[in-house]
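**Student:** the amino acid sequence is not available; the structure is as follows:
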């Protein structure tokens with residue numbers, strides 16, 4: 001029997017709606033064991049920038065030294081390699097659906113952009129969201 005492939009590195013950013021989209025897909029498609037989550041830290045940000053020319057999240061290292069960006073491209077890769085059809089994932093359809101402009105995710109993106117604008121940027125929004133509710 002062949003040894004199982006080690007999990008691919010998945011570089012994720014806390015609060016990123018596109019990282020949330022990918023995590024939702026992996027969970028519902030039962031593919032979480034295919035990845036090891038890597039945080040958005042200085043070393044990982046430098047690594048993704050070196051490989052892709054920019055730090056963008058999520059980013060998937062699908063083989064050593066090869067990193068891809070773009071959430072939908074990463075999802076397509078997992079679908080193709082694991083025979084997954086998103087149309088058969090009921091939770092996915094509810095959140096991301098076939099009519100992208102009328103989905104929960106579209107609302108999530110609008111709220112995220114609004115929050116970033118009003119908080120003064122990504123870091124400020126995440127700091128605000130991480131404050132205790134009574135602060």
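**Tutor:** Thanks, I have it. These figures come from a predicted structure and were not determined experimentally.
**Student:** pull out the buried residues from stretch 116-135.
**Tutor:** Residues of stretch 116-135 classed as buried by neighbour count (16 or more other Cβ atoms under 10 Å): 116, 125, 126. Where you see a C-beta, it was placed from the backbone N, CA and C, and this is true even at glycine.
**Student:** surely the second one touches residue 115?
**Tutor:** Yes: with contact defined as Cβ atoms under 8 Å, residue 125 and residue 115 form a contacting pair (4.7 Å).
**Student:** where along this protein do the helices fall?
**Tutor:** 17-28, 42-52, 71-82, 90-95, 104-119, 122-130 (DSSP state H).
**Student:** want to throw those helices into a markdown table with mean pLDDT?
**Tutor:** Output for the helices of the chain, formatted as a markdown table (pLDDT from 0 to 100):
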| stretch | mean pLDDT |
| --- | --- |
| helix 17-28 | 94 |
| helix 42-52 | 97 |
| helix 71-82 | 96 |
| helix 90-95 | 86 |
| helix 104-119 | 87 |
| helix 122-130 | 86 |
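**Student:** tell me the most buried of those helices?
**Tutor:** Neighbour counts (mean count of other Cβ atoms under 10 Å) averaged over each of the helices of the chain peak at helix 17-28, with a mean of 19.
**Student:** ok and that helix relative to helix 104-119, angle-wise?
**Tutor:** Between the axes of helix 17-28 and helix 104-119, defined by axes from the mean of the first three to the mean of the last three Cα atoms, to 10 degrees, the angle is 150 degrees.
**Student:** which elements pack onto helix 17-28?
**Tutor:** For helix 17-28, the packing partners by 3 or more Cβ pairs under 8 Å, 6 or more residues apart in numbering; DSSP states H and E come out as helix 71-82, helix 90-95, helix 104-119.
**Student:** could those be laid out in JSON lines, adding distance to residue 57?
**Tutor:** Conversion of the helices and strands packed on helix 17-28 to JSON lines gives the following (distance: least, Cβ to Cβ, whole Å):
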{"stretch": "helix 71-82", "distance to residue 57": "9"}
{"stretch": "helix 90-95", "distance to residue 57": "19"}
{"stretch": "helix 104-119", "distance to residue 57": "13"}
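**Student:** re earlier: residue 58 is nearest to which of the helices of the chain?
**Tutor:** Relative to residue 58, the nearest member of these by Cβ to Cβ is helix 17-28, separated by 4.8 Å.
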